[in-house]
Each structure stands twice: as C-alpha cells, then as structure tokens.
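In: sequence first, predicted coordinates after that:
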Amino acid sequence: MILDETHDPARTSWVVTANGHADFPIQNLPFGVFSPSGGPARGGVAIGERILDLSLAARSDLLVGPAKSAAEAGAGSTLNPLLGLAPVARRGLRQRLSELLADGAPDRAEVETWLHVASDCVLHLPAAIGDYTDFYAGIHHALNVGRQFRPENPLLANYKHVPIGYHGRASSIRPSGAPVRRPSGQRKAPDAEAPTFGPSQRLDLELELGVWIGQGNALGQPISIGEAGEHIAGLCLLNDWSARDFQAWEYQPLGPFLAKNFMTTVSPWIVTAEALAPFRIAQPPRPPGDPQPMAYLWDERDQATGAYGIGLEVLLSTAKMREQGLAPLSLSRGPASNLYWTLAQLVAHHTLGGCDLRPGDLLGTGTISTPDDTGLGSLLELTKGGTQAITLPTGETRTFLQDGDELTIAARAQADGRVSIGFGECRGVIEPAL
C-alpha cells in the first residue's frame with residue numbers, strides 16, 4: 001500500500017472538469033477501453049469529463065521507461081497486456097500521467113491533444129475476460145437469504161471456514177448501459193407438481209464489487225495470502241443479475257446456472273489498486289466464537305488493511321418515474337466492508353489447489369448487504385422474498401424488477417483528509433423477454 005504525490009489532496013488538474021468531479025478527479029485516473037467517435041477501440045484513462053488516449057500517449061517522448069512500456073501495453077483494444085505487467089509499471093504510468101495532468105504542467109499543450117470528450121465516446125469492457133468467478137463473501141446477504149430458506153440454520157457449516165464461490169459465465173458480461181434481456185426458463189413453485197416454462201417473474205439485482213486480476217500465476221503454483229494483493233489490478237462495480245425463480249429450482253445439487261449466466265453488468269473503468277491505497281481500512285473483526293481461518297488464509301497485514309472504505313448505493317428508476325421526470329429512488333446504502341473475507345483471501349483460496357489466474361480474469365465478491373435493512377444488496381432481501389412490496393414515488397410497487405426498470409449501482413471511496421473517488425455507474429435497463 002504505497003501513498004505518493006498522486007494521492008495529494010491539494011493536487012488539482014488543468015482539466016477543469018476533474019476538479020471536484022464526483023468520480024474521476026486527478027487522484028483517481030482509472031483505466032478503461034473506449035472508442036472515440038468513428039474510431040477503433042483503444043485504452044484510455046478517465047480524467048473529469050475527458051478520456052486520455054493511451055494510444056496517443058504511447059507515441060510521445062513525454063513518457064519513458066516503465067511508464068512508456070505500460071502505455072504501449074494499454075494502447076490496444078483490451079487492457080490484458082497492461083494488467084499482465086508488474087505493478088511497478090502500472091504505478092509508473094499513473095505517476096507520470098498525474099504529473100502531466102496536474103496544474104502547472106509544462107507540457108499541457110501536447111497532452112491536450114490526447115484528450116477526448118467522454119460523452120462523445122463509447123465505453124467497452126476493459127479486458128477480454130478469460131474466466132469469471134463469483135464468490136459469496138457478503139455474510140449479511142448469506143444470513144438474510146439463509147433465514148428465508150433455513151430459519152434454524154441460515155449459514156451452512158462450511159461458510160466461516162472457506163470462501164464459497166462458483167465459476168460464472170464470462171461470455172455474458174457487459175459494460176454499464178447494455179440492455180438486460182429478461183430470461184426465460186424453468187421454474188417450479190414449492191406446491192406445484194411439475195415445473196413450468198416462461199419469463200422470469202423474480203428478476204433481481206446483486207450489489208457486488210468486481211476484482212480485476214493483474215499478473216497471474218503459473219498452473220500448480222498457488223498465490224500466498226501475503227502476495228495476493230499484488231495480483232489485484234483494481235476494482236469495479238458488478239451486478240450479478242439473478243432470476244430467483246429459476247435459481248430455486250435448478251441450484252441443487254451443483255449451484256447457479258441459467259439463473260445467473262444470462263447477464264452480468266460491470267462498471268467499465270478499472271479503479272486501480274494504487275488509486276485505492278488511501279482508502280484501505282482494517283477488516284472488521286470476526287465475531288467471538290468464529291473459527292480462526294487456516295494459515296493459508298490468514299495474514300496480519302491483510303487483516304489490518306484488507307478492507308476498503310467504499311460506500312455503495314443502489315438506485316431504481318421505473319419507466320413511469322422517468323416519464324414524470326422523477327429522480328431515481330435510493331433502495332439501499334452501505335459500506336463495502338461488509339464482507340466476511342478480504343479480497344486477498346479470495347485470491348489466495350482461488351489458487352490454493354493450483355488454479356492459474358490470468359490477467360483480465362474477473363472475480364465477484366458476492367452480494368454486499370448490511371446487518372440491518374438500510375443497505376440490503378438484493379430485492380430478495382429488501383422485499384423479504386417478495387412478501388413486502390416497495391412503494392415508489394409514482395405509487396407503483398415492486399417486489400422484483402419489471403420491464404423498463406433501470407437499476408444503477410454507484411460507489412464512492414472516502415477517507416478523512418483525502419479527495420474521494422468514484423467508479424462511474426453500473427447501470428442496466430430491463431427489456432422484455434423474447
């Protein structure tokens with residue numbers, strides 16, 4: 001966890017829109033992939049309402065050494081080559097760009113030619129995702145859902161001993177703004193004799209963080225808990241859309257399948273581990289009586305700095321609300337620290353048996369919820385399994401998502417004495433089933 005001049009709260013940018021920007025001040029500088037108007041996809045860096053073009057920066061003599069190598073690696077249509085570099089190269093590029101974008105930088109005239117107006121650009125997935133794994137590390141979500149189905153035993157016996165996860169589908173991950181087609185499939189009510197087929201009637205969101213893998217590991221070579229942080233390139237927001245009616249019918253004995261493989265939405269910017277360094281906080285202590293994790297999952301430094309001071313929010317806007325010009329309704333707010341396992345623990349466990357992670361692989365944390373009702377990360381929890389409808393400003397009610405609903409996840413990393421940074425939005429609008 002390295003703090004340097006890039007985190008200086010007094011640093012401002014000659015890119016005027018960056019100063020005071022809710023998501024992308026000069027202290028952030030996240031990486032992504034974009035297409036300018038009429039142009040091919042290439043790597044970029046968000047700064048206020050502009051995007052810095054890495055394909056142009058890479059050709060400039062203003063970048064040398066590791067910064068230039070990193071810019072060249074990030075100049076293409078995916079960031080996988082950049083993510084695969086040693087963290088020192090990524091840090092070098094971040095430091096040099098911060099210098100060039102800061103107020104008073106002598107080379108402003110040239111750097112201005114690298115900038116595009118963000119609203120004129122199309123954002124893409126930042127990496128070609130080889131594999132996607134979704135964990136279940138949000139303990140309050142696990143407890144809330146478990147109580148609905150197993151009131152006497154909400155957590156299964158393994159939950160506090162081992163990070164639980166499943167291998168998701170990488171091919172259906174899309175960046176924010178892509179439409180979400182309501183899936184069709186099988187469902188079976190508890191009192192029904194046989195399953196039926198049709199569009200999902202219990203379409204839900206899942207509020208999660210996404211973890212982008214940087215340098216990978218060789219097959220058969222686990223990543224230790226002490227080194228796991230160096231393999232995390234950065235974070236994004238993630239919505240693991242879920243068809244709860246399909247899930248209840250199909251998940252036994254092998255877990256989620258069609259209920260979750262139809263779509264996963266991510267925010268398109270990788271907020272780097274370097275940018276998040278000032279917002280690292282201690283992992284919340286385990287409740288008394290909880291088992292001590294095995295040695296391969298335990299590191300004192302990780303426990304001291306392995307969580308993040310990130311506030312999360314879920315907002316809902318129906319078609320009728322938008323027609324009437326009403327602001328989205330905030331459904332929940334809560335901290336990202338409500339995870340039972342740290343991100344380093346997830347990486348260490350994932351590779352324990354020798355599984356090789358590769359640059360651009362994506363991990364989901366699992367749904368993040370609060371212990372009370374203020375920050376629940378799914379409608380399954382918010383509506384108590386669909387039994388308590390939410391009333392909206394228009395008088396409409398919701399238990400699960402309807403066609404035309406727009407669901408947005410937003411987040412802000414904050415710490416005393418620091419400039420807060422954001423992630424951009426993670427948004428999707430529900431379209432009718434085919």
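Out: Looks like it came in fine. Residues are numbered from 1 along each chain as shown.
In: now stretch 289-297: mean pLDDT?
Out: On average, the pLDDT along stretch 289-297 is 97.
In: can I get it in CSV, CA atoms only?
Out: Coordinates of the C-alpha atoms in stretch 289-297 are reproduced here as CSV (Å, rounded to 0.1, in the frame of the first residue of the first chain):
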residue,chain,number,x,y,z
GLY,A,289,-16.5,-17.8,18.7
ASP,A,290,-16.0,-17.8,14.9
PRO,A,291,-13.3,-20.2,13.8
GLN,A,292,-9.8,-19.0,13.1
PRO,A,293,-9.1,-19.3,9.3
MET,A,294,-6.5,-21.7,8.3
ALA,A,295,-2.9,-20.4,7.9
TYR,A,296,-3.1,-20.1,4.2
LEU,A,297,-6.0,-17.6,4.6
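In: buried ones in that stretch?
Out: Neighbour-count burial for stretch 289-297, counted by 16 or more other CB atoms under 10 Å, picks out 293, 297. For every residue, glycine as well, the C-beta is placed using N, CA and C.
In: try stretch 348-358
Out: If you call a residue buried by 16+ other CB under 10 Å, then stretch 348-358 has these buried ones: 348, 349, 350, 351, 352, 355, 356, 357, 358.
In: strands of the stretch 301-434 of the chain, residue ranges please.
Out: In the stretch 301-434 of the chain, strands defined by DSSP state E, counting those that start in this stretch lie at 307-308, 310-317, 329-335, 362-364, 390-391, 397-398, 406-413, 421-422, 426-431, listed in chain order.
In: so which of those strands gets nearest residue 275?
Out: Among the strands of the stretch 301-434 of the chain, strand 421-422 comes nearest to residue 275, with 6.1 Å by CB to CB.
In: tell me what residue 362 is bridged to.
Out: Counting by DSSP bridges, residue 362 forms beta bridges with residue 132, residue 212.
In: ok so, going back, can I get the strands of the stretch 301-434 of the chain in CSV with mean neighbour count, mean pLDDT and distance to residue 177?
Out: Listed next are these as CSV, based on neighbours: other CB atoms under 10 Å; pLDDT from 0 to 100; distance: least, CB to CB, whole Å:
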stretch, mean neighbour count, mean pLDDT, distance to residue 177
strand 307-308, 22, 98, 25
strand 310-317, 21, 98, 14
strand 329-335, 18, 98, 19
strand 362-364, 26, 98, 18
strand 390-391, 12, 98, 24
strand 397-398, 16, 98, 21
strand 406-413, 22, 98, 10
strand 421-422, 26, 98, 16
strand 426-431, 21, 98, 6
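In: now pLDDT and distance to residue 81 too, for the buried residues of stretch 348-358, in a markdown table please.
Out: As requested, those are exported to a markdown table (pLDDT from 0 to 100; distance: CB to CB, whole Å):
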| residue | pLDDT | distance to residue 81 |
| --- | --- | --- |
| 348 | 98 | 25 |
| 349 | 98 | 27 |
| 350 | 98 | 22 |
| 351 | 98 | 21 |
| 352 | 98 | 27 |
| 355 | 98 | 22 |
| 356 | 98 | 17 |
| 357 | 98 | 16 |
| 358 | 98 | 12 |
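In: so which of those are in helices?
Out: 348, 349, 350 (DSSP state H).
In: now for the last one: which residues touch it?
Out: Taking CB atoms under 8 Å, 6 or more residues apart in numbering, we find residue 350 in contact with 133, 163, 165, 357, 363.
In: try residue 55
Out: By CB under 8 Å, 6+ apart, the contact list for residue 55 reads 42, 43, 75, 76.
In: just give me the closest of those residues to residue 270.
Out: Proximity of the contacts of residue 55 to residue 270 (CB to CB) peaks at residue 43, which lies at 10.3 Å.
In: would you double-check that the closest one falls in a strand?
Out: Yes: according to DSSP: H, G, I helix; E, B strand; the rest coil, residue 43 belongs to a strand.
In: center of the protein - which residue?
Out: residue 237 (2.4 Å; CA atoms, centre = their mean).
In: name the element that residue belongs to?
Out: Per DSSP states H and E, residue 237 falls inside strand 232-239.
In: that strand to strand 426-431, inter-axis angle?
Out: Angle, strand 232-239 to strand 426-431, by axes from the mean of the first three to the mean of the last three CA atoms, to 10 degrees: 30 degrees.
In: the nearest residue to residue 223 once chain neighbours are set aside and residue 362, how far apart?
Out: Leaving aside its chain neighbours, residue 223 sits nearest to residue 351 (4.5 Å; criterion: CB to CB, 6 or more residues apart in numbering). In this view, residue 351 and residue 362 are 15 Å apart by CB to CB, to the nearest Å.
In: burial count for residue 234?
Out: The number of residues packed near residue 234 is 24, by other CB atoms under 10 Å.
In: do I have it right that it meets residue 267?
Out: No: at 11.0 Å, residue 234 and residue 267 do not qualify as touching, with contact defined as CB atoms under 8 Å.
In: tell me the secondary structure at residue 89.
Out: What three-state DSSP gives for residue 89 is helix.
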